[in-house]
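Chemist: whatever this is, show me its structure:
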Amino acid sequence: MAVGETVPGTGGTARLDWQAIRSGAGVCLVFAVPLSLAARWAAESRDDAGLAIVLTLGAVAGFVLGSGVAAWVQRAGLPWVHAIVTASGTYIAAQTVFIVARLATGREVHWYAALFNLAPVLFAGVLGGVLGMVVQRRGFVPSTRADRGNR
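Modeler: Alright, predicted model coming up:
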């Protein structure tokens with residue numbers, strides 16, 4: 001599908017394939033968010049910096065995977081946009097929930113950490129976009145479209 005063509009299932013007006021973004025966000029929520037929570041737990045309650053770093057790298061890998069899925073399955077011809085929207089949107093949504101929960105329980109909110117951690121997530125989105133674009137250009141078709149012969 002070329003840029004500017006309508007994306008099936010969007011009513012012809014959207015430039016983003018929201019189904020692809022939802023698919024990628026689901027992957028981020030399954031892999032990246034739990035590892036982010038575990039990294040925070042390791043850093044705060046166990047005071048285990050080594051474990052926190054490993055879990056944080058796992059969370060970044062989860063964002064790469066999820067954004068890569070969005071970039072791969074999108075049909076709008078905008079893999080990087082879909083990847084970055086997926087990674088950043090999922091991170092911001094999860095952080096919003098975490099911050100509200102911390103405020104509701106009277107715990108300290110680390111505002112700068114939440115903002116600072118957006119940078120590696122954006123980088124993960126760029127990497128995921130590259131990976132998704134490469135996979136798509138090599139002709140690998142998602143199973144949701146393989147039976148229809150679409151690329």
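
Chemist: wait, what's in contact with residue 69?
Modeler: When contacts are counted by Cβ atoms under 8 Å, 6 or more residues apart in numbering, residue 69 touches 20, 23-24, 27, 86, 128, 132. For the C-beta atoms, the positions are set from N, CA and C on the backbone; glycine is no exception.

Chemist: quick one: secondary structure of residue 139?
Modeler: In three-state terms, and counting by DSSP: H, G, I helix; E, B strand; the rest coil, residue 139 is coil.

Chemist: mind checking how far it is from residue 72?
Modeler: To residue 72, residue 139 is 12 Å away according to Cβ to Cβ, to the nearest Å.

Chemist: how distant is stretch 130-149 from the center of its chain?
Modeler: Chain-centre distance of stretch 130-149: 18 Å, with Cα atoms, centre = their mean, to the nearest Å.

Chemist: and what of stretch 59-66?
Modeler: 6 Å.

Chemist: okay, the nearest residue to residue 109 once chain neighbours are set aside: pLDDT?
Modeler: The shortest distance from residue 109 to any non-neighbouring residue, by Cβ to Cβ, 6 or more residues apart in numbering, is to residue 102 (5.0 Å). Note on residue 102: pLDDT of 92.

Chemist: can you check the one 10 residues further on too?
Modeler: Note for residue 112: predicted pLDDT of 92.

Chemist: mind checking which helix or strand it is in?
Modeler: For residue 112, the host element (DSSP states H and E) is helix 111-116.

Chemist: which outside residues touch that helix?
Modeler: Outside helix 111-116, the residues that reach it (Cβ under 8 Å, 6+ apart) are 95, 98-99.

Chemist: who wins on neighbours among these?
Modeler: residue 95 (19 neighbours; other Cβ atoms under 10 Å).

Chemist: tell me how many other residues crowd the nearest residue to that residue once chain neighbours are set aside.
Modeler: If the residues on either side of it in the chain are set aside, residue 95 comes closest to residue 114, at 5.0 Å by Cβ to Cβ, 6+ apart. By other Cβ under 10 Å, 16 other residues sit near residue 114.

Chemist: returning to what we had before: so which of the contacts of helix 111-116 are in helices?
Modeler: 95, 98-99 (DSSP state H).

Chemist: these two touch, right, the residue nearest to residue 109 and residue 95?
Modeler: No. Taking contacts as Cβ atoms under 8 Å, residue 102 lies outside contact range of residue 95: 10.3 Å.
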